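**Q** how would this look folded up:
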Amino acid sequence: MRVKVNRIYADADGVSHFADDEVELDINTFAPPADPVLLSAWTAATRFAYLCFPAGWVGDWHPSPARQVQFFIRGEGIVSVSDGSKRRFGAGDVWLVEDLTGPGHHTMAIEECLAGVVRLA
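**A** Residues are numbered from 1 along each chain as shown. Predicted coordinates for the structure are as follows:
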């Protein structure tokens, strides 16, 4: 099984783009003696936090402060990248954000958004 992940990255010129990535899940033991489950490969992480954007919040153009994964729990918003593309995000969406250089991305919360953020090593 594969899980869809939205990705924001910067190319060699610092221009940010979207990519549609997938993460492979394989049958694996996660919590013995419980039965095996579908599990991805492990990724090293350094920190975790909850993040809430109030309705109407605008994050002007900015690069990501670190390579991170965001798991949207509720709400809806729009992210724009510097190549001119836009995407809506909402509950259930997963984003790998790694545009660490260049102008980065622009974020707008249409309604209050709650997310879990994991900073990657």
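**Q** right, and the helix or strand after whichever strand or helix holds R7?
**A** Here R7 sits within strand 2-10, counting by DSSP states H and E. With elements assigned by DSSP H and E, the helix or strand that comes after strand 2-10 is strand 16-24.
**Q** buried ones in the following helix or strand past that next one?
**A** Per DSSP H and E, the first helix or strand lying C-terminal to strand 16-24 is strand 26-28. For strand 26-28, the neighbour count (16 or more other C-beta atoms under 10 Å) marks no residue as buried. From N, CA and C alone the C-beta is placed, and that goes for glycine too.
**Q** picking up where we left off before, how distant is the strand holding R7 from the center of its chain?
**A** 7 Å (C-alpha atoms, centre = their mean, to the nearest Å).
**Q** neighbours of the nearest residue to L120 once chain neighbours are set aside, just the number please.
**A** Leaving aside its sequence neighbours, L120 sits nearest to R67 (C-beta to C-beta, 6 or more residues apart in numbering; 4.6 Å). For R67, the neighbour count with other C-beta atoms under 10 Å is 18.
**Q** hmm, R67 is touching R119, no?
**A** Yes - contact criterion C-beta atoms under 8 Å: R67 and R119 qualify, at 7.4 Å.
**Q** residue nearest the centroid of the protein?
**A** When C-alpha atoms, centre = their mean is applied to the chain, the residue found nearest the centroid is W95 (1.9 Å).
**Q** which SSE is V69 in?
**A** Residue-wise, V69 maps onto strand 68-74 under DSSP H and E.
**Q** pLDDT of that strand, averaged?
**A** Mean per-residue pLDDT for strand 68-74: 97.
**Q** how far out from the middle of the chain is the helix or strand following it?
**A** Scanning forward in sequence from strand 68-74 by DSSP H and E, the next helix or strand is strand 76-81. Centre-to-centre, strand 76-81 and its host chain are 11 Å apart (C-alpha atoms, centre = their mean).
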